[in-house]
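Visitor: Give me the fold of what follows.
(6 chains)
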Number of protein chains: 4
Amino acid sequence: MTKAMGVKSNVETPRDDVREAIFESAIELFARRGYYATTIRDIVEKAGVTQPMVYYYFGSKEQLFISCVKELFTEIVNIYESVDPNMNIADYLKAFLDVGNNIYNTSPESILFMVNYIHLPEEYPKLAKVESLAWKPIQLLVDFITDAKNDGIVRKDVDPITTAIMIFGASTFGKTLHFINKNVVDFGFDEEPEYVSTQIRKIILGGILNN
Amino acid sequence: MTKAMGVKSNVETPRDDVREAIFESAIELFARRGYYATTIRDIVEKAGVTQPMVYYYFGSKEQLFISCVKELFTEIVNIYESVDPNMNIADYLKAFLDVGNNIYNTSPESILFMVNYIHLPEEYPKLAKVESLAWKPIQLLVDFITDAKNDGIVRKDVDPITTAIMIFGASTFGKTLHFINKNVVDFGFDEEPEYVSTQIRKIILGGILNN
Amino acid sequence: MTKAMGVKSNVETPRDDVREAIFESAIELFARRGYYATTIRDIVEKAGVTQPMVYYYFGSKEQLFISCVKELFTEIVNIYESVDPNMNIADYLKAFLDVGNNIYNTSPESILFMVNYIHLPEEYPKLAKVESLAWKPIQLLVDFITDAKNDGIVRKDVDPITTAIMIFGASTFGKTLHFINKNVVDFGFDEEPEYVSTQIRKIILGGILNN
Amino acid sequence: MTKAMGVKSNVETPRDDVREAIFESAIELFARRGYYATTIRDIVEKAGVTQPMVYYYFGSKEQLFISCVKELFTEIVNIYESVDPNMNIADYLKAFLDVGNNIYNTSPESILFMVNYIHLPEEYPKLAKVESLAWKPIQLLVDFITDAKNDGIVRKDVDPITTAIMIFGASTFGKTLHFINKNVVDFGFDEEPEYVSTQIRKIILGGILNN
DNA sequence: TATGAATGAGCTTTCATTCAT
DNA sequence: AATGAATGAAAGCTCATTCAT
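Guide: Predicted structure coming up:
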């Protein structure tokens, strides 16, 4: 991700080339194959560096993985946090979903990686270290919906957490299916994320707003 | 799952004990750890049999995995198909979501396994073989909603596919979070699947029904 | 050692061939090169087996090493214990020293291994497990000398422990020097262990007996 | 050792700090862990310098090791040679053994290192280069005893070499056991080197003197 | 059907060493 | 005189799989 997401921060000092190359290869491979199916050899080959460099810069395969997760989640959270909460609910929802779609479009692996990561229970000791990050985007939604509920915009009998899960879960699940359908096996499911987002917005708003 | 779900289809000849033991251990381990982190040794140790038995009965690790997937998906599909589509939409939705909750309650791994499986893209060559099965529960929803739309119960501007994805995605994502929160790391998300289902129903119905 | 020492216990079941081969190669290599300079690959090459066999039979390199130490020390202790303590001190001393010489002649590595092992302090966590075995031969000497002291044969002002250390230390040190001189680098020290033993006996007896 | 032994030979130019630091760390680590279990990383970390410094000052790990051995043996030999041979045998023996004890007390690793080194046969190509040094202390003893034999003080049937080996071997073996007992695992052998030396002297003198 | 024993290939990791600066 | 970065080679170990019985 990183660069792929258009966050290319600035001209890096040349000595971080190797670290950077490892990092990017790692994210892509971990995202596509998962932790165990990705070998250090895969990573360094793709990055064009030698094996010990991984240990020089990251210490171990697991720490490299954690670094990837942290970095990726941090970036994603930053982007989600940049959405201004001073909008009406329809606009906010649109902005929120657009963010997800943008990330997916620039770097589908990012989403896969995140979703994938969240769905590997036995691996969760590792998750503990990024717990708050992983939960953050959903939390932002929960907070916004709670406020809207307090303002009387959202119905009193609506549970903000469930609502947030619906929005977030539906959106990422839609992207995953889109990715699979496009890259792996044709499910007959070819709806674009943008279209799905529009639908989600409409249904959710219809389901939770007063009147 | 299998036995755990109470779907033990017929009385097995006693000599299938070994096969059965392997099968059950495999499902549980694959579900919790994923394909690569699960070793043949793990499986046979848990099953109390010897390694070559896996090859005698299943041919290879990959084929064992596929067998698990097929069996599991078949059972799950059977259950979903047993939901009578001749109900009103509210009841159908309730029945549909209840089925998922029941499966999760009797055998949480089943859900994990399925979700997990769907989210490992690079593994999808394998998926091709169960493509229609994996997609089937969603398809059932899509069909039901499409009918309701044609009957004028669901609004014309609602996309049945997106709706089905929302229902299914939200429901499984909710269960995953519940599982993680309960078994791995406390996210502060402790809502029971049943409660989440009720909310989903309410929101979806509010969002898609005419009037 | 084992076979080399002429202790070939009996016709083994053929299925222990591999284990046996690993074991013997291990002892010889550990003895000559020490633990760290000996690789699993060295051992299996010498034994004509494949690497995983080491792990199948012994679990790890360290456990293989411990097995060797235990086995070797046990055998050596057995031999030392077979020396009948109902002799006069001169004969006992001769018998005791002869035993060491015999072991050295049949299997020089045995001695090297033992001495070598005793002189790697940082490795001694492992030693804890064979502590009593390693100390046993010296203890036998101590006990005999103590008895002789109580019987008035050995002078009252003589310390049995120091005496035993002198006998044992001098004897093994002599063998080590003999081995080095013969196999590695010519120190100009070519006295045969048997000659050294005779001298040790004479000097010790002269130094500790009454009259 | 070196400094630890208080033999800091001359005022060093400050720029040898690094070399000195490497040297001292190396001796201690080699002594405690042996050659193979000691890594360059261990040494430089302990010394607080960087890895290439080892190669700048010593050329290689092996040459560093040899340097340590040479330096250490040279110092030890110097001390042993400073013992005045113009004494009677009892005093000389006392002085000789005291020297060993002093070295052990100021720097136990020195003794361990030496003994350890002598007992690693496969390493002896390296030994060739310090052959005369390693042998020297024993040689001094041999010479003294030979003279005493020629003077009729020591019995004609006594072999000076064996005698020297007994004295030296017993003394160092005693120290090794003392070290192990104190630092690693309790053998029940807690005799102080000084006490052991006194005993050795008494027994040896009783065993080799005329009358 | 079932198993103990065996294996080729590949894994993560660390080592001593060197290079460019 | 000193260093951060880099490397080839090899270490211990595990994997899915098969063979002989």
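
Visitor: Just give me the longest helix of chain A.
Guide: Across chain A, the longest stretch assigned as helix under DSSP state H is helix A:160-183.

Visitor: For it, enumerate the helices and strands it packs against.
Guide: helix A:89-106, helix A:108-118, helix A:131-150, helix A:193-208, helix B:160-183, helix B:193-208 (3 or more CB pairs under 8 Å, 6 or more residues apart in numbering or on different chains; DSSP states H and E). C-betas here are computed from N, CA, C, even on glycine.

Visitor: Next, the buried residues of it.
Guide: By neighbour count on 16 or more other CB atoms under 10 Å in any protein chain shown, the buried set for helix A:160-183 is A:160-180.

Visitor: Any stretches of chain A with poor pLDDT?
Guide: A:1-15, A:118-125 (pLDDT under 70).

Visitor: repeat that for 90
Guide: A:1-16, A:28, A:30-37, A:69-73, A:106-135, A:176-177, A:179-190, A:210-211 (pLDDT under 90).

Visitor: Alongside DNA strand E, which residues does it contribute?
Guide: A:38-42, A:51-52, A:54-55, A:60-62 (CB under 7 Å from any atom of the strand).

Visitor: Now intersect these with the strands, please.
Guide: Using DSSP state E, no member of the residues of chain A next to DNA strand E falls within strands.

Visitor: how close does A:Gly60 get to D:Arg201?
Guide: One thing to correct before we go on: residue A:60 is Ser, not Gly. 57 Å (CB to CB, to the nearest Å).

Visitor: higher neighbour count, those two?
Guide: Taking other CB atoms under 10 Å in any protein chain shown, A:Ser60 and D:Arg201 do not tie; D:Arg201 has more neighbours (20 against 11).

Visitor: Surely that one touches D:Ala95?
Guide: No. D:Arg201 is beyond contact range of D:Ala95, at 10.5 Å (criterion: CB atoms under 8 Å).

Visitor: Output the longest helix of chain A as CSV, restricted to C-alpha atoms.
Guide: The C-alpha coordinates for helix A:160-183 follow below in CSV (Å, rounded to 0.1, in the frame of the first residue of the first chain):
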residue,chain,number,x,y,z
PRO,A,160,-25.7,2.4,16.5
ILE,A,161,-23.3,-0.5,16.9
THR,A,162,-25.4,-2.9,14.8
THR,A,163,-25.9,-0.2,12.2
ALA,A,164,-22.2,0.5,12.0
ILE,A,165,-21.4,-3.2,11.6
MET,A,166,-24.0,-3.4,8.8
ILE,A,167,-22.5,-0.5,6.9
PHE,A,168,-18.9,-1.6,7.4
GLY,A,169,-19.5,-5.3,7.0
ALA,A,170,-21.7,-4.9,4.0
SER,A,171,-19.3,-2.6,2.3
THR,A,172,-16.2,-4.7,2.8
PHE,A,173,-18.0,-7.9,2.0
GLY,A,174,-19.2,-6.4,-1.2
LYS,A,175,-15.6,-5.4,-2.1
THR,A,176,-14.3,-8.9,-1.3
LEU,A,177,-16.9,-10.5,-3.5
HIS,A,178,-16.1,-8.0,-6.3
PHE,A,179,-12.4,-8.8,-6.0
ILE,A,180,-13.0,-12.6,-6.1
ASN,A,181,-15.4,-12.3,-9.0
LYS,A,182,-13.0,-10.2,-10.9
ASN,A,183,-9.7,-11.9,-10.1
